[in-house]
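*Asks:* what follows is a predicted protein model with its sequence.
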Amino acid sequence: MPKTIKKVVVLLGGRSAERDVSLKSGQAVLKALVKKGYEAKAVDARGPFWNELKEENPDAVFVILHGRYGEDGTVQGMLELMDIPYTGSGVTASALAMDKILTKAVFRQYGVPVADDFDFGQPIRYPVIVKPSREGSTIGVTIVSGEEELAAAYEEAARYDDRILIEEFVEGSLLTVAVIGTPARAMPIVEVRPKSGFYDYEAKYTPGQTEYLVPAALAEDKTSQLQKAALDAHNALGCDDISRVDFIMEPGGRIVCLEVNTLPGLTETSLVPKAAAAAGIGFEELVETVLTGAALKQKPKPAAKV
């Protein structure tokens, strides 16, 4: 982290399918930073925005992009090359977390529980959920109940990615754990109850379409299990500063990790601010906590003194 952060660029928007959400998140972050006394300016991450970054010469960049060309390590790599400290995870963690197929491979190595997945040409146990491997906000996702629906679901996912994940459809409570700060801390768990029954794009970003229970009404042992699993997932991928780890818990108690969001939304309906508030952390404090982690992630850390 720079010794003093005064001038901050909020990098928002971009060119992914989640652009609109990023714009809303970015404006909320910008407002919070200005209230905290920072010299903050928004820069839209599309077109040759690196020229504007160079001209602004900020002390740090608050990255609040979602999806490709922002949450996948590409922008992080550019900021490393420009020697501009930035918030969130570095290149490797961002790229891994963005790719659900690679994420599951890492999780299996580290003992983070995941759902079964299937390849074409092998027996598939329906229902399954078909999704692009490198997309977010449930974009391109379809629940498939039988073989006759699989081709159309695959085609829909392929509109967004050439890497497709076919995964068992796990039914149960949707639970999410925010992880913030350095050292990483797991926040109170949020249970998500969409009125439609499926937490799709509309349920996520339309006020009133989803009920949130914060903290989730769970037994103490389940709360501890989920928070530990969230920290394990965050650390397995090498995440920094902030993440949101999503889980499904079946009625029988089985837990599976769905994904890790390295740049989770920070809008009025977003989950991380709700979790932070339950821990007594206001939105402006949350934003500043993330900002204090701004750094170049690729540079080696000083060796510990013996």
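*Replies:* Everything's here; your move. Residues are numbered from 1 along each chain as shown.
*Asks:* for residue 256, which residues are in contact?
*Replies:* Residue 256 makes contact with 113-115, 170, 247-248, according to C-beta atoms under 8 Å, 6 or more residues apart in numbering. For every residue, glycine as well, the C-beta is placed using N, CA and C.
*Asks:* any chance of those in JSON lines, plus neighbour count?
*Replies:* Below are these laid out as JSON lines (neighbours: other C-beta atoms under 10 Å):
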{"residue": "113", "neighbour count": "16"}
{"residue": "114", "neighbour count": "21"}
{"residue": "115", "neighbour count": "17"}
{"residue": "170", "neighbour count": "19"}
{"residue": "247", "neighbour count": "24"}
{"residue": "248", "neighbour count": "18"}
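*Asks:* between the residues you listed, which is closest to residue 5?
*Replies:* Among these, residue 247 lies closest to residue 5 (C-beta to C-beta), at 33.3 Å.
*Asks:* about what we covered before: let me have the contacts of residue 256 in a markdown table, extended by secondary structure.
*Replies:* Listed next are those as a markdown table, based on DSSP: H, G, I helix; E, B strand; the rest coil:
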| residue | secondary structure |
| --- | --- |
| 113 | coil |
| 114 | coil |
| 115 | coil |
| 170 | coil |
| 247 | strand |
| 248 | strand |
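*Asks:* which of those residues sits closest to residue 69?
*Replies:* Within those, the smallest distance to residue 69 is 26.4 Å, found for residue 114 (C-beta to C-beta).
*Asks:* unless I'm mixing things up, the closest one is touching residue 102, no?
*Replies:* No. Contact criterion C-beta atoms under 8 Å: residue 114 and residue 102 do not qualify, at 12.0 Å.
*Asks:* residue 127: which of the contacts of residue 256 is nearest?
*Replies:* residue 170 (9.7 Å).
*Asks:* chain neighbours aside, what residue packs nearest to that closest one?
*Replies:* Spatial nearest neighbour of residue 170, excluding adjacent residues (C-beta to C-beta, 6 or more residues apart in numbering): residue 248 at 4.5 Å.
*Asks:* pretty sure that neighbour contacts residue 172?
*Replies:* Yes. At 4.9 Å, residue 248 counts as touching residue 172 under the criterion of C-beta under 8 Å.
*Asks:* what segments of the stretch 101-250 of the chain are helices?
*Replies:* 150-158, 201-205, 220-237 (DSSP state H, counting those that start in this stretch).
*Asks:* can you show me the strands along the protein?
*Replies:* 7-12, 39-44, 60-63, 117-118, 128-132, 142-144, 164-168, 173-180, 185-186, 190-194, 210-213, 242-249, 255-261 (DSSP state E).
*Asks:* and the residue nearest the centre of the protein?
*Replies:* residue 261 (1.5 Å; C-alpha atoms, centre = their mean).
*Asks:* pLDDT at it, what is it?
*Replies:* Residue 261 carries a pLDDT score of 95 in this model.
*Asks:* please name the nearest non-neighbouring residue to it.
*Replies:* Of all residues not flanking residue 261 in the chain, residue 244 sits nearest, at 4.4 Å (C-beta to C-beta, 6+ apart).
*Asks:* and the one you found, what does it touch?
*Replies:* Counting by C-beta under 8 Å, 6+ apart, residue 244 touches 176-179, 260-261, 264, 271-272.
*Asks:* if we go to 7 Å?
*Replies:* Shown in contact with residue 244 (C-beta atoms under 7 Å, 6 or more residues apart in numbering): 176, 178, 261, 264, 271-272.
*Asks:* what subset of the residues you listed is buried?
*Replies:* 176, 178, 261, 264, 271-272 (16 or more other C-beta atoms under 10 Å).
*Asks:* before we move on, the earlier item: wait, the residue nearest to the centre of the chain touches residue 237, no?
*Replies:* No. Residue 261 is beyond contact range of residue 237, at 11.0 Å (criterion: C-beta atoms under 7 Å).
*Asks:* low-confidence ranges in the stretch 51-200 of the chain?
*Replies:* The model of the stretch 51-200 of the chain has pLDDT under 70 over residues 136-137, 196-200.
*Asks:* next, the buried residues of stretch 223-238.
*Replies:* Buried residues in stretch 223-238, defined by neighbour count with 16+ other C-beta under 10 Å: 223, 225-227, 229-234, 236-238.
*Asks:* swap that for stretch 54-66, please
*Replies:* Buried-residue list, stretch 54-66, by 16+ other C-beta under 10 Å: 58-66.
*Asks:* distance to residue 284 for those - can I get that in a markdown table?
*Replies:* Below are the buried residues of stretch 54-66 laid out as a markdown table (distance: C-beta to C-beta, whole Å):
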| residue | distance to residue 284 |
| --- | --- |
| 58 | 19 |
| 59 | 18 |
| 60 | 16 |
| 61 | 19 |
| 62 | 13 |
| 63 | 18 |
| 64 | 15 |
| 65 | 21 |
| 66 | 21 |
